[in-house]
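Asks: Sequence below, structure please.
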Amino acid sequence: MTRVGILTGGGDVPGLNSVIKSVVYRATELGWEAFGIRHGWQGLTHRAPGAEPDPEYVRPLDRRGTRAIDRTGGTVLHTSRTNPVRMPEKDLPEHLSKADRPRFQTDEGRYDLTPLVLSNLEALGITHLVAIGGDDTLSYAAHLATQGVPLVAIPKTMDNDVAGTEYCIGFSTAVTRAKELINRQRTTLGSHERIGVFRIFGRNAGFSAWYAAYVTSSRCVIPEAPFELSLLASLLTEDRRNNPSSYALVVASEGAVWTGASVEEFGEADAYGHRRKADVGFALAEELKAMTGVETVHSDLTYDLRSGDPDALDQMVATTFANVAVELLADGVHGRMTSIQGGRYAHAPLPNRDGGARRIEVEAMYNTQRLRPRYDSRLGMPLLLGRPITG
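Replies: As a prediction, this is how the structure comes out:
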């Protein structure tokens, strides 16, 4: 029996349930069984090998049980940021005895539980795997592929920064929701004649902020282009002067930074080495208030953008990526990632985490003097703008 496992890792985004449902539907059409692996990669490390199927970590999926899940956001399989190849001791599963732990320990003082993952896949009879996630989740998928696991990955992140694809599930909904929230606050900003600073996710790449600014005709600051604080203050002052309602606004990626400053990080690093970034939106609002003498309003839009049900584009891409993934596995193609290249559905190599995130091409897409997206010379570009990915 061919049995496909499905898991979601990292942050949730709208559209994940559409992928899960569509994988189940297409797999059952082929006569395959489908199993949902819960809590991301943790489902394959914390389930005790050889034990009976534990519904906390693994559940069978069928058409009846997934019929309506695509109407809601989040992921019915739940998720985590578990990294099986670099797990800290405090996160080790209870079933792993202290006597067994040394054989999994690495030189970094972490634990590589890949042998447990492989053992669980074998015990569950999972012959194929569909892993849905961003760079971190997919980096471990790439590691599993080198161990001979037949898998196809599906990229998702509201940051839209996975290398090898022009589109990731969750991105369209995030930008659509950012547009709604920013436009909604215009009345308050205008009533009080203030400057609005809207913080959006984007640790390494500014796609979410750039596209939100593109559709709201706003200024934006992004990680790819450090900016002069005095220039931004001057531009926003100009915007207020030219606006009959006397307000201005800027959209800021969480990783944006102005010249002479740095984005501080705090807290414990997660399983993939990331620490939380200080709120650049709050800091920027305070600096702008001091420089312009105008009251500022800081709005953190981060989690609002990744919650709730998907828009039509995300649901369409999620459904299509799922079907492409199953077709690739059925054709014996694995160790790949579904993607959009040149505006077309394709598949690409699994992203190499050392290669970093896909980033905005500043010269082609961003006006560094006006701190806003470029709107010129778009003819011939893909629907989502930017230079097309090929190969």
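
Asks: My guess is Ala325 contacts Ala27. True?
Replies: No - counting by CB atoms under 8 Å, Ala325 sits too far from Ala27 to count as a contact (9.9 Å). The way it works is simple: take the backbone N, C-alpha and C, and place the C-beta from them, glycine included.

Asks: Neighbour count: the two, which is higher?
Replies: Applying other CB atoms under 10 Å to Ala325 and Ala27 shows that Ala325 carries more neighbours, namely 32 against 27.

Asks: need the next SSE after the helix or strand hosting that one, C-terminal direction.
Replies: For Ala325, the host element (DSSP states H and E) is helix 312-330. The helix or strand immediately downstream of helix 312-330 is strand 336-341, counting by DSSP H and E.

Asks: elements contacting that following strand?
Replies: Judged by 3 or more CB pairs under 8 Å, 6 or more residues apart in numbering; DSSP states H and E, strand 336-341 is in contact with strand 151-155, helix 312-330, strand 344-349.

Asks: Out of the ones you listed, flag the one nearest Arg374.
Replies: helix 312-330 (22.5 Å; CB to CB).

Asks: can you list contacts of the longest helix belonging to the chain?
Replies: What stands out as the longest helix in the chain, according to DSSP state H, is helix 171-192. Residues outside helix 171-192 that contact it (CB atoms under 8 Å, 6 or more residues apart in numbering): 13-15, 157-160, 194-196, 198, 200-201, 207-208, 211-212, 215-216, 218, 243, 245-249, 251, 295, 297, 299, 301, 304-306, 308, 310-311, 313-314, 317.

Asks: Any of these buried? List them.
Replies: 13-15, 157-160, 194-196, 198, 200-201, 207-208, 211-212, 216, 218, 246-249, 251, 297, 299, 301, 305-306, 310-311, 313-314, 317 (16 or more other CB atoms under 10 Å).

Asks: Just the ones of those residues in strands?
Replies: 195-196, 198, 200, 248-249, 251, 297, 299 (DSSP state E).

Asks: for these, which one is nearest Phe321?
Replies: Using CB to CB, Ile200 is the member of those that lies nearest Phe321, at 23.7 Å.

Asks: Need the per-residue pLDDT for the closest one.
Replies: pLDDT recorded at Ile200 is 95.

Asks: you'd agree it is up against Ser253?
Replies: Yes - between Ile200 and Ser253 there is a contact under CB under 8 Å: 6.1 Å.

Asks: pLDDT below threshold where in the stretch 201-350 of the chain?
Replies: Residue ranges of the stretch 201-350 of the chain with pLDDT under 70: 262-278.

Asks: now do 50
Replies: 266-267, 275 (pLDDT under 50).

Asks: Helices along this structure, start to end?
Replies: Assigned by DSSP H, the chain shows helices spanning 16-29, 63-66, 114-124, 135-146, 171-192, 207-216, 229-242, 280-292, 302-305, 312-330, 362-365.

Asks: Could you work out which of those helices reaches nearest to Gly164?
Replies: Set against Gly164 and scored by CB to CB, the helices of the chain come closest in helix 135-146, at 9.5 Å.

Asks: which residue packs closest to Ala142, ignoring adjacent ones?
Replies: Leaving aside its sequence neighbours, Ala142 sits nearest to Leu350 (CB to CB, 6 or more residues apart in numbering; 3.9 Å).

Asks: need the contact list for the one you found.
Replies: Applying CB under 8 Å, 6+ apart to Leu350 gives the contacts 138, 141-142, 145, 153, 335-337.

Asks: residue nearest the centroid of this structure?
Replies: What sits nearest the mean C-alpha location of the chain, by CA atoms, centre = their mean, is Thr157, with 1.8 Å.

Asks: wait, doesn't Asp239 sit right on Leu232?
Replies: No - contact between Asp239 and Leu232 fails when scored by CB under 8 Å: they sit 10.4 Å apart.
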